[in-house]
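Q: Below are the sequence and a predicted model for it; my questions follow.
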Amino acid sequence: MMKEYQVTLFAKNGKYRPVACIVRSPKGYDLTNPTDRRNLVREGTKKICQFRRWTAKDLETYTYLVAKVRENEK
């Protein structure tokens, strides 16, 4: 059973709209565990950057430095 998690990046200055993606994983992550959250944010950020053709420098330029993760409910 695939678990789905929504990763949302927010602009720190509030000037830009949030961007989000869905990360699917065959194993369940524990969202209270900081290591699991960090891995989910890393995967989500990578997916967002690939889709939008952004680099790490673009994330800093647009101040997308705040991330939130939640379990996606169907």
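A: Happy to help now that I have it. These figures come from a predicted structure and were not determined experimentally.

Q: check which helix or strand covers the residue nearest to the spatial centre of the chain.
A: Nearest to the mean C-alpha position of the chain, by Cα atoms, centre = their mean, lies residue 7 at 3.1 Å. Per DSSP states H and E, residue 7 falls inside strand 3-11.

Q: in that strand, what's buried?
A: The neighbour-count criterion (16 or more other Cβ atoms under 10 Å) identifies 5-11 as the buried residues of strand 3-11. In short, each C-beta sits where N, CA and C put it, glycine included.

Q: Can you lay out these as a markdown table showing distance to residue 44 and pLDDT?
A: Listed next are the buried residues of strand 3-11 as a markdown table, based on distance: Cβ to Cβ, whole Å; pLDDT from 0 to 100:
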| residue | distance to residue 44 | pLDDT |
| --- | --- | --- |
| 5 | 8 | 96 |
| 6 | 8 | 96 |
| 7 | 3 | 97 |
| 8 | 8 | 97 |
| 9 | 8 | 97 |
| 10 | 12 | 97 |
| 11 | 16 | 96 |
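
Q: okay, the residues you listed in CSV with distance to residue 61 next?
A: Converted to CSV, these look like this (distance: Cβ to Cβ, whole Å):
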residue, distance to residue 61
5, 26
6, 24
7, 20
8, 19
9, 13
10, 15
11, 10
